[in-house]
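Chemist: here is my input, please return the structure:
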Amino acid sequence: MTASILLVEDDLSIGEMVENYLSGEGFEICRAKDGEEALHLFNSRSFDLVLLDLMLPKLGGMDFLRIVRERSHVPILILSAKDGEADKALGLGFGADDYIAKPFSMIELTARVKAAIRRATFYADVNPPAQDSRIVKVHELSMDLDNLTVSKNGREIKLTAKELELLKLFLTHPKKVFTKQQIYSSVWKDEYYGDENVINVHMSRLREKIEDEPSVPQYIKTLWGIGYRLGEF
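Modeler: Alright, predicted model coming up:
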């Protein structure tokens, strides 16, 4: 089945280039030139992936990302000329799966698109609905492994798809120490090229949501120079 991509880009030349190239790679591309049009298209049909520029008219890219992430786990790749660490952290923190700075290589973009769709398909295949709920509890934190909901002291915590997979990795392997390479391979299902920023941002956002004191984490401990492990209580 042909994968469908929503391309949200107000620069006509970039939008045309990306659409033509990805169409040639066998993808079905639907283009939107502003955030409002993109939201209308997203609400009217289903997509396998979203390519999102941040600087958009009418409705900004971050606002579009926040709205979509509240209702869907569709893979979202940001394409932006804003290459600062703060912008990357904000986009990933709002739930984007990847961040590609402009100008970019079409070969690299295509590889990341295919990897994101492959990961999403993998999770859909290996996480079928279950009849009996399985709950993992660590101190005040609990996770339902079947519907991927998390609560602390009985209060639900909203996590992004990647934050859920990170937490699930540690909760289901309580004695294991994970290197960043192992985390990237397990959660992103891709090769690790030493770019720590993506893991660091997602780990920081996860800790902000589950820890009482994110600067002194108890649930996910850092082993400096080695990696991370689940804390003991």
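Chemist: can you show me the strands along the chain?
Modeler: Assigned strands in the chain, in chain order: 4-8, 28-32, 49-53, 76-80, 98-101, 135-138, 141-144, 149-152, 155-157, 177-178, 220-223, 227-230 (criterion: DSSP state E).
Chemist: pipe those into a markdown table and attach mean pLDDT and distance to residue 190 per row.
Modeler: Where C-beta positions appear, they are placed from N, C-alpha and C, glycine not excepted. Shown next, in a markdown table, are the strands of the chain (pLDDT from 0 to 100; distance: least, Cβ to Cβ, whole Å):
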| stretch | mean pLDDT | distance to residue 190 |
| --- | --- | --- |
| strand 4-8 | 95 | 18 |
| strand 28-32 | 95 | 23 |
| strand 49-53 | 93 | 15 |
| strand 76-80 | 87 | 13 |
| strand 98-101 | 84 | 10 |
| strand 135-138 | 88 | 25 |
| strand 141-144 | 92 | 24 |
| strand 149-152 | 93 | 24 |
| strand 155-157 | 93 | 26 |
| strand 177-178 | 86 | 16 |
| strand 220-223 | 90 | 21 |
| strand 227-230 | 89 | 18 |
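Chemist: pick the most deeply packed of these.
Modeler: Mean neighbour count (mean count of other Cβ atoms under 10 Å) peaks for strand 49-53 among the strands of the chain, with a mean of 26.
Chemist: given that one, what are its sheet partners and their directions?
Modeler: Strand 49-53 has its sheet partners listed here by DSSP bridges as strand 4-8 (parallel), strand 76-80 (parallel).
Chemist: residue 154: which of those is closest?
Modeler: strand 76-80 (30.7 Å; Cβ to Cβ).
Chemist: quick one: the helices in the chain?
Modeler: Assignment of helices within the chain using DSSP state H yields the ranges 12-24, 35-44, 61-69, 85-93, 106-126, 161-171, 180-183, 197-210.
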